[in-house]
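Engineer: I would like the atomic coordinates for the input below:
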Amino acid sequence: MSNVNSVPTRGMTLRRLIFLTLATGVVAGVLGWLVIDLIRHVSRSTEGRRAPAEIGTETAPVGVVKLELAAMRNIGLTVVQAQVRTVQQLIRATGSIGPNESRLAHIRPLARGRIEKVHVRLGDRVRARQSLVDYDNIELGESIGAYLSAVAGLEKAKTEAEVARRSLERARSLVELGAVARAEFERRDAEYRNALASINSQKADISNVEEKLHRFGLTDTDLQKLSPQVSSDYHREASHATLTAPFDGVIVKYNVAEGEVVGADDELFTLADLSTVWVLADVYEKDIALIREGQEARIITDAYPGEVFRGRITYVSDTLDPKTRTAKVRCEVPNPDGRLKLEMFVTVELPTPLGRQALMVPSTAIQQIDDQPVVFVKTGEARFERRNVRLGVNSKGWVEVTSGVREGEPVVAEGSFHLKSALLRERIGGEE
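Structural biologist: Below is the predicted model:
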């Protein structure tokens, strides 16, 4: 009985095994078909979102952007051919504004004196010959006293000479009559000559004092007023001197107070004529050979954005700063309105013609993508291709291109930023 029952059992087990194998194969086939279909769907979806430059290629060195004609008009897109132009290098340097040293007056008193009245303050604008300060010139007072003494001495010498002359005339008459010895006549003649010499000596002393008084600012008319016959009180007023401005300018330094005693070495004011200013720029050693006196200089400031002040190079230093390896370059810049202020920091642009030809594109054509300079070249009516480029020098709104573009190729100038934005949007969409 055991053999009869075992046969059906083995048959049933075999059928179950065959059924399970067939079922497993069917399920595996269905799953495989589903996976393949999903892969195909994802591939089609990704390819539909891929940037035009990536379709049909594994890697693409450039991107392509397509724009509708209406969109091109809306963004004001312009195209300029890459062209060979004369390179003019533009050297940029930092600098600061200082006074024109040739129009800078350090005003000091001519001699020791006491300050009586100050007419100006720091920062005041003054005109030529405007009064700055009144002071009692002690040395001038002493010189006036010496002048009056010399004038009195001259009058005394003239009187003595006149007496000596009359005595000599009487002696001459007596000698002719034989009433006086010849020796007496010669003695009186010598006295007269000494009197004349005394007059000349006093005149010389007066001339020396007059020259000193003229240096203090007194005129011949003022000297005439010192005569006792004209006024006995003018000499007290004449020692009160006034310092005036030598030219139009601004008081940039101030070191005086009423009542203090000052000397000839004390600087009371510094007056600067700011109708022109000096800009001192630091130019690197490698650029010095391109700098010449007389070249144009363009001055740019943060205070007046978009405005350029123009001047000329008037001096290039013969020495370099050993720490910074820069040389001072001085530019003289007109400043009629006084808008350029002393100590203002500026950027100095020095156009320097190099005398060579180079392939160039407008500076507005250059964009940066992934830290790489690029341009967009028009390759169709509404098709623009990205090109990686290498750049050289800048010159008057144009940039030298050493690789990536050929002469005559149409490059997008205005509107290149919009093409860059469109290309980056394509890339972001492809990465989703």
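Engineer: The residue nearest the centre of the chain is in what secondary structure piece?
Structural biologist: Closest residue to the average C-alpha location of the chain: Val279 at 3.8 Å, with Cα atoms, centre = their mean. Using DSSP states H and E, Val279 maps to strand 276-284.
Engineer: buried residues in that strand?
Structural biologist: Burial within strand 276-284, assessed by neighbour count using 16 or more other Cβ atoms under 10 Å, is assigned to Thr276, Val277, Trp278, Val279, Leu280, Ala281, Asp282, Val283. To be clear about C-beta, it is placed using only N, CA and C from the backbone, and glycine gets the same treatment.
Engineer: Tell me how many other residues crowd the closest residue to Val333 other than its chain neighbours.
Structural biologist: In this structure, Val333 finds its nearest non-sequential neighbour in Gly311, 3.4 Å apart by Cβ to Cβ, 6 or more residues apart in numbering. Residues lying near Gly311 (other Cβ atoms under 10 Å) number 22.
Engineer: now do the one 4 residues further on
Structural biologist: Counted with other Cβ under 10 Å, the neighbours of Tyr315 add up to 13.
Engineer: what helix or strand does it sit in?
Structural biologist: Here Tyr315 sits within strand 308-316, counting by DSSP H and E.
Engineer: Need the residues that contact that strand.
Structural biologist: Strand 308-316 has contacts (Cβ atoms under 8 Å, 6 or more residues apart in numbering) with 278-279, 288, 291-301, 327-335, 340, 350.
Engineer: one more time with 6 Å
Structural biologist: Ile291, Glu293, Gln295, Ala297, Arg298, Ile299, Val329, Arg330, Cys331, Glu332, Val333 (Cβ atoms under 6 Å, 6 or more residues apart in numbering).
Engineer: Equivalent analysis for stretch 413-421, please.
Structural biologist: Val65, Ile75, Gly76, Leu77, Thr78, Val80, Pro362, Thr364, Ala365, Gln367, Phe376, Phe384.
Engineer: quick one, phi/psi of the nearest residue to the fourth one once chain neighbours are set aside?
Structural biologist: Meaning Leu77. Closest residue to Leu77 apart from its sequence neighbours, by Cβ to Cβ, 6+ apart: Gly415 at 3.3 Å. With angles defined as degrees, to the nearest 10, Gly415 sits at phi 100, psi 0.
Engineer: Model confidence for Gly415, exactly?
Structural biologist: pLDDT for Gly415: 90.
Engineer: distance of it from Val175?
Structural biologist: Distance of Gly415 to Val175, computed by Cβ to Cβ, to the nearest Å: 120 Å.
Engineer: Arg92 too?
Structural biologist: 98 Å.
Engineer: ok, back up a step: identify the neighbouring strands of the strand holding Tyr315 in the sheet and state each direction.
Structural biologist: Counting by DSSP bridges, the strands paired with strand 308-316 are strand 296-300 (antiparallel), strand 326-334 (antiparallel).
Engineer: Okay, buried residues for that strand please.
Structural biologist: Phe309, Gly311, Ile313, Thr314.
Engineer: Where does pLDDT dip in the stretch 151-300 of the chain?
Structural biologist: Scanning the stretch 151-300 of the chain for pLDDT under 70 picks out 227-238.
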